[in-house]
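> Output the structure for:
(2 chains)
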Protein chains: 2
Amino acid sequence: MTTPKAPLDWGTRYAARMAGMKASEIRELLKLLDQPDIISFAGGIPDPSLFPQTEIAEIYARICGDRARFDAALQYSVSEGDAELRQWIVGYMGERGVACTPENILITNGSQQALEFLGRMFLSPKDTALVEAPTYLGALQAFSAMEPAYDTLPAGQTNRTVGSYRDNAQAAGGAPKFAYVVPDFANPTGHTLTVSERKSLLQFARDLDIPVIEDSPYVALRYDGDEVPMVQALDCVDQGGIEASRVISLGSFSKVFTPGLRVGWICAPREVIGKLTLMKQASDLSNSAINQRVIATLATMRFDQQVAEGIAHYRVKRDAMLAALEQHMPDGVEWSKPEGGLFIWVTLPDGLDATALLQKSVETARVAYVPGHAFYADGSGRNTLRLSFSLPSVAAIKEGIAKLGDLLREAIE
Amino acid sequence: MTTPKAPLDWGTRYAARMAGMKASEIRELLKLLDQPDIISFAGGIPDPSLFPQTEIAEIYARICGDRARFDAALQYSVSEGDAELRQWIVGYMGERGVACTPENILITNGSQQALEFLGRMFLSPKDTALVEAPTYLGALQAFSAMEPAYDTLPAGQTNRTVGSYRDNAQAAGGAPKFAYVVPDFANPTGHTLTVSERKSLLQFARDLDIPVIEDSPYVALRYDGDEVPMVQALDCVDQGGIEASRVISLGSFSKVFTPGLRVGWICAPREVIGKLTLMKQASDLSNSAINQRVIATLATMRFDQQVAEGIAHYRVKRDAMLAALEQHMPDGVEWSKPEGGLFIWVTLPDGLDATALLQKSVETARVAYVPGHAFYADGSGRNTLRLSFSLPSVAAIKEGIAKLGDLLREAIE
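Below is the predicted model of the structure:
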């Protein structure tokens, strides 16, 4: 007979890295928002009315209607990803100044998996990740699982030297390992780096001799202004091609087509993709084969058209939110004017706390947003908040921003 | 102007854990097998003729034909997984003696992601993972990324004490962290643990006070003999329920329905699932929503029927392979007689090397298998090999085993 025993004390059995794993504020927040009368500017969720229903239905029907195609799409598949999809991405990257081959592309479960892989690839415990402040919350979650320290990338004029970054990283017990940026219509600020800022970033990374991770899920969704070259493209020009580049770029189909198929990619030198492919294989073997087939077919069929529809749709919402902010925000409140993407970043007067205000906002104004401090590695930015205009209707944007304006006016007075 | 710089020396920038990442022998092997005239007993791939084409086509059409359903299935979704799917799994586990709730279930990208998560959750570098010898290669790949040591679980009568496991782990620089087993129709051996072996394993894990990871992707595919209770079910009985159990079980829809949708699950105490859900969120946000909807609908509609069809189909192939082995293998070759699953394990006379023989087998006999040493954490087992009977036709099984028999007879003489 076996002898029962006191239950395991699980907390004492976890690996040390588990201590860095925290619940996401956005996620906990979104659980509160299941009530239909709340106007939510939280989340970074594409508008599902843009999902190409007829086309996706047809693609599934075509795959399922042909036994050989069906069998291949439902079977195990290679870790690198669907060959046709990688070839399409090669063309896409080439148009953006990054000449590459399928060996430079790995398919991932959205950009989030790419971030987790890159954190695991580069960060030993106590190493330093260099990030913007604020930066994408999901990147902080992915990196933090590796127990890193953080330092803030230089922005604008600064007297901080490259040596000071090295010294800080050494004081934290490791080395600076990479610079992570969302250069186009950043989550959460909506900010886009200029060409000169991108070149400065590259020079900084060269001086520190570290890789740059360029995360560009929103880059196709530009509503006005001119496209700015990818950091990776600038580096390829200087270095003579992707194999000598220090930039690793991430792309995603989640914002243009649909997040429900979980398809993103990493574009990097072959050496890096080779290692990441082993990681993919050990992590989950491969992406879903049929999902990659659907995305490859959609991309071939109507990427540009889908982008054009998304731009037309979201531009109206962005404009509505900017106009409503202009009309309703009290003095002392500032906000970003993004040329694309899904987000507007709001800075409240010093001393106001967007986290404390959120409860009141949800309870009385019935308006939700994401408090900005969640996007700071050091937890600062208490007086900031992120608004997304992608999901609510124009009417809801107007109503919600008016209510938020009233709430903030009251809080400021 | 920016200044170009010598390319990064990537190898010097990776985290220490990258050193444990190796290419899979199976994978490299499978690349050689793209020639149509090779009879492959490699791979552990379900027969796609069993994939329920009509049903899957109908489910996709139904989802895509209803705008609200379609929108939800193509949108971001919760990290825990589809609510209806988790509820179905609760029923499935309940029938197998593991009473649980949806809070005990996390959906993963197949069992491979579950293995990677559990390795990350428990193994700090130099900790010891206790595994069978041989064991599932994918588990070794997932765990090895965490830089562990390995020790071999007791099998049968042994004079090894629990203290010797602790001592070995301490000598390796860490602690024993979990026992990993594939108790039903194991990959690679086809072996099934008896009730008494399962109880011994539990007692061993209790004495060491470590968790047990029970990996059961093949459990539904039993061709003869009686079902053996899950290790988790035995522990739930002794401990009074899942919350006090030390067993974490893994399930998968890949072998019963299709691997192409990448859906598996972890069943464990709520505390463990809570932590794993944070890991899922940081790792890739969630599984594909539409894929989970398809699997949930299929499971509700025809799980038992699909299992019955799989059993009838694979039993014939297993019997054909066992009969062919009996007929064609020379003296001195031994093989397992599995009651289910996809694999037969072959032991050659001492001194024969299955890896060295493979090249000849592929080149002259045009027959492929997986050399057994890949499944040993210590690289032993050179005289073993794994055969899968799931994919080739009965005729190909007969022909391939006859050719393999000739090759082995020649090698032995």
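> Next, residue A:152: phi, psi?
Backbone torsions for residue A:152, taken as degrees, to the nearest 10, come to phi -100, psi 130.
> What of residue A:299?
phi -60, psi -40.
> Now do it: how many residues are near it, please.
21 (other CB atoms under 10 Å in any protein chain shown). Using the backbone N, CA and C atoms, a C-beta is placed for each residue, glycine as well.
> hang on, isn't it packed against residue A:88?
Yes - taking contacts as CB atoms under 8 Å, residue A:299 lies within contact range of residue A:88: 5.0 Å.
> I'd like to know how many residues surround residue A:85.
Neighbour tally, residue A:85, other CB under 10 Å: 25.
> Residues of the stretch 251-400 of chain A that sit close to chain B?
Residues of the stretch 251-400 of chain A lying near chain B by CB under 8 Å from any CB of the partner chain: A:254, A:258-262, A:269, A:271-272, A:275, A:278-279, A:281-291.
> Could you measure from residue A:348 over to residue A:50?
31 Å (CB to CB, to the nearest Å).
> who has more neighbours, the two?
residue A:348 (23 against 18).
> check contacts around that one.
A:332-333, A:354, A:357, A:383-385, A:408, A:411-412 (CB atoms under 8 Å, 6 or more residues apart in numbering or on different chains).
> Please enumerate the strands of the stretch 51-200 of chain A.
Using DSSP state E, counting those that start in this stretch, the strands of the stretch 51-200 of chain A run over A:105-108, A:128-131, A:149-152, A:176-181.
> which parts of the stretch 51-200 of chain A sit against chain B?
A:51, A:53, A:56-57, A:60-61, A:64-65, A:67, A:70-77, A:79, A:108-110, A:112-113, A:116, A:120-124, A:127, A:138, A:141-142, A:144-146, A:177, A:199.
> Just the buried subset of those residues, please.
A:51, A:53, A:56-57, A:60, A:64, A:70-77, A:79, A:108-110, A:112-113, A:116, A:120-124, A:127, A:138, A:141-142, A:144-146, A:177, A:199 (16 or more other CB atoms under 10 Å in any protein chain shown).
> what's the spacing between the residue lying closest to residue A:384 once chain neighbours are set aside and residue A:20?
Spatially, and ignoring its direct neighbours in sequence, residue A:384 is nearest to residue A:372 (2.8 Å; CB to CB, 6 or more residues apart in numbering or on different chains). From residue A:372 across to residue A:20, the span is 21 Å (CB to CB).
> For these two, indicate the residue with more neighbours.
Between residue A:372 and residue A:20, residue A:372 has the larger neighbour count (other CB under 10 Å), namely 23 against 15.
> The more buried one and residue A:385 touch, don't they?
Yes - under the contact definition of CB under 8 Å, residue A:372 touches residue A:385, with a separation of 5.0 Å.
> Need the overlap of contacts for the two.
A:345-346, A:354.
> how about those residues in TSV, adding neighbour count and pLDDT?
Shown next, in TSV, are the shared contacts of residue A:372 and residue A:385 (neighbours: other CB atoms under 10 Å in any protein chain shown; pLDDT from 0 to 100):
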residue	neighbour count	pLDDT
A:345	23	98
A:346	23	98
A:354	24	95
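> quick one: which of those residues sit in strands?
A:345-346 (DSSP state E).
> quick one on the thing from earlier: give me the buried subset of the contacts of residue A:348.
The neighbour count (16+ other CB under 10 Å) marks A:333, A:354, A:357, A:383-385, A:408, A:411 as buried among those.
> Could you tell me the end-to-end distance of stretch A:317-336?
15 Å (CA to CA, to the nearest Å).
> buried set for it?
By neighbour count with 16+ other CB under 10 Å, stretch A:317-336 contains the buried residues A:317-318, A:320-322, A:324-325, A:328-330, A:333, A:335-336.
> What is the distance between it and the centre of its chain?
Distance, stretch centre to chain centre, for stretch A:317-336: 24 Å (CA atoms, centre = their mean, to the nearest Å).
> which residues sit against it?
Under CB under 8 Å, 6+ apart, the answer for stretch A:317-336 is A:189-191, A:223, A:337-338, A:343-349, A:387, A:389-390, A:392, A:394, A:397-398, A:401-402, A:404-406, A:408-409, A:412.
> Relative to chain B, how far out is the nearest residue to residue A:347 once chain neighbours are set aside?
Counting by CB to CB, 6+ apart, residue A:347 lies nearest to residue A:334, which is 4.5 Å off, once chain neighbours are set aside. According to CB to the nearest CB, to the nearest Å, residue A:334 and chain B sit 29 Å apart.
> For residue A:320, see how far away residue A:334 is.
Distance, residue A:334 to residue A:320, using CB to CB: 19 Å.
> ok, now residue A:283?
Going from residue A:283 to residue A:320 by CB to CB gives 41 Å.
> ok, residue A:111 - how many residues close by?
Residue A:111 has 28 neighbours, counted by other CB under 10 Å.
> ok, now which ones touch it?
By CB under 8 Å, 6+ apart, the contact set of residue A:111 is A:138, A:215, A:217, A:250-252, A:254, A:264.
> Dump these to a markdown table, plus pLDDT.
Formatted as a markdown table, the contacts of residue A:111 follow (pLDDT from 0 to 100):
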| residue | pLDDT |
| --- | --- |
| A:138 | 93 |
| A:215 | 98 |
| A:217 | 96 |
| A:250 | 98 |
| A:251 | 98 |
| A:252 | 97 |
| A:254 | 97 |
| A:264 | 98 |
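> how close does the nearest residue to residue A:79 once chain neighbours are set aside get to residue A:124?
With CB to CB, 6+ apart as the criterion, residue A:79 has its nearest non-adjacent residue at 4.2 Å, and that residue is residue A:281. Residue A:281 is 22 Å from residue A:124, where distance means CB to CB.
> Same check on residue A:60?
Here residue A:60 is placed at a distance of 43 Å from residue A:124 (CB to CB).
> and residue A:37, what pLDDT?
We have a pLDDT of 88 for residue A:37.
> So it: helix, strand or coil?
The local conformation at residue A:37, judged by DSSP: H, G, I helix; E, B strand; the rest coil, is coil.
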